[in-house]
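> from the sequence below, what's the structure:
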Amino acid sequence: MPRSDVTIPTADGEAAATLHLPDGDGPWPGVLMFPDAGGARDTFSDMGDRMASMGYATLVPDIYYRNPGYAPFDLATVFTDAGERARLGELMGTLTNERLVSDAGAYLDFLLARPEVTGAGAGTTGYCMGGRASMLVAGAVPEKVAAAASFHGGRLAVADDPTSPHLLAGSVRAKVYVAGAQDDASFGQDQFDRLDAVLTGAGVEHTVETYPAGHGFAVADNPTYDEDAAERHWAALGDLYGSALIR
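Coordinates of the predicted model:
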């Protein structure tokens, strides 16, 4: 799959990203892929290639571009090493809703303006905190998102959080697919039920389900990676985008 490094102007500077294209002649539907807390890295380059092989022009941004030169994280140890966990927490804390939405608007404008991309709306997908970003963006810039997915995303529908993505359900125009992880405290049954209810109430075509796998099941360098669940996630994305994105 052709892959290129690109730079995207944002309100706060320039974000590096990789653009992954299918083989052959386009244009193709566009997909914005939000990485997990570990950020853009080789695993997500591979995932961008996989998405492109399915027929989608895929953009994987460096979500931490405001902190150039940060050292990559090892997901096998980052949550057990106190120093690394603190460093990750600092980076994650820089991504407010306002910044996520502003950045995503720039990413989507860039993607949808590419000659290789067709359609007025893109697909989004995200993992862990990227799943939350995917759902947030679907409600915040609904005119740019035709399909939105979240995999082992957390804090999607928190009752006492005024920044929770579920509060934007009434604005969502996208077809939505959410796959939670088993025994995941960041997306428990209360959030599952709340998200399903608000999407139903808003008339959003959606699926919310739980995979029999742990948090991180779709990302290959995560210690909890589950090949069966990961393949199920790819199939679900193919079904979602195949039904919702314009070719």
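
> next up, the contacts around Tyr70.
39, 64, 87, 91 (C-beta atoms under 8 Å, 6 or more residues apart in numbering). (Each C-beta comes from the backbone N, C-alpha and C, glycine too.)

> what is the nearest of those to Gly180?
Among the contacts of Tyr70, Gly39 lies closest to Gly180 (C-beta to C-beta), at 22.0 Å.

> just the pLDDT at that closest one, thanks.
Note on Gly39: pLDDT of 94.

> Met92 versus that one, what's the distance?
10 Å (C-beta to C-beta, to the nearest Å).

> between those two, tell me which one has more neighbours.
Gly39 (21 against 14; other C-beta atoms under 10 Å).

> what is the burial count for Ala120?
9.

> grab the nearest non-local neighbour of it.
Among residues not flanking Ala120 along the chain, Leu112 sits closest, at 7.1 Å (C-beta to C-beta, 6 or more residues apart in numbering).

> the one you found and Val78, how far apart?
To Val78, Leu112 is 33 Å away according to C-beta to C-beta.

> filter the contacts of Tyr70 down to the buried ones, PyMOL style.
The buried subset of the contacts of Tyr70, as determined by 16 or more other C-beta atoms under 10 Å, is captured in PyMOL by this line:
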select buried, resi 39+64+91
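
> ok, of the contacts of Tyr70, which one's closest to Asn222?
Gly39 (13.0 Å).

> re the thing from before, in TSV: the contacts of Tyr70, plus secondary structure.
Listed next are the contacts of Tyr70 as TSV, based on DSSP: H, G, I helix; E, B strand; the rest coil:
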residue	secondary structure
Gly39	coil
Tyr64	coil
Arg87	helix
Leu91	helix
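
> which one among the contacts of Tyr70 gets closest to Gly119?
Nearest member of the contacts of Tyr70 to Gly119, counting by C-beta to C-beta, is Gly39, at 27.4 Å.

> tell me who's in contact with that closest one.
62-64, 70, 72-73, 91.

> please repeat the previous calculation with a cut-off of 6 Å.
Shown in contact with Gly39 (C-beta atoms under 6 Å, 6 or more residues apart in numbering): 63-64.

> hang on, the earlier thing: would you mind giving the contacts of Tyr70 as a markdown table with distance to Gln189 added?
As requested, those are exported to a markdown table (distance: C-beta to C-beta, whole Å):
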| residue | distance to Gln189 |
| --- | --- |
| Gly39 | 29 |
| Tyr64 | 32 |
| Arg87 | 32 |
| Leu91 | 30 |
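
> contacting residues around the least confident helix or strand in the chain by mean pLDDT?
Using mean pLDDT, DSSP states H and E, helix 82-93 stands out as the lowest-scoring helix or strand of the chain, at a mean of 92. The contact list for helix 82-93 (C-beta under 6 Å, 6+ apart) reads 37, 64, 67, 73, 78-79.

> how about the helices in the chain?
Shown for the chain, the helices assigned by DSSP state H span residues 42-53, 82-93, 97-113, 129-140, 189-201, 227-244.

> among those, which is nearest Leu168?
So among those, helix 129-140 is nearest, using C-beta to C-beta, at 2.6 Å.

> packing partners for that closest one?
Counting contacts by 3 or more C-beta pairs under 6 Å, 6 or more residues apart in numbering; DSSP states H and E, helix 129-140 packs against strand 28-34, helix 97-113, strand 117-127, strand 145-151.

> can you pull the contacts of the closest residue to Ala122 other than its chain neighbours?
Excluding the flanking residues, the one nearest Ala122 by C-beta to C-beta, 6+ apart is Gly30, at 4.0 Å. Going by C-beta under 6 Å, 6+ apart, Gly30 touches 57, 111-112, 117, 122.
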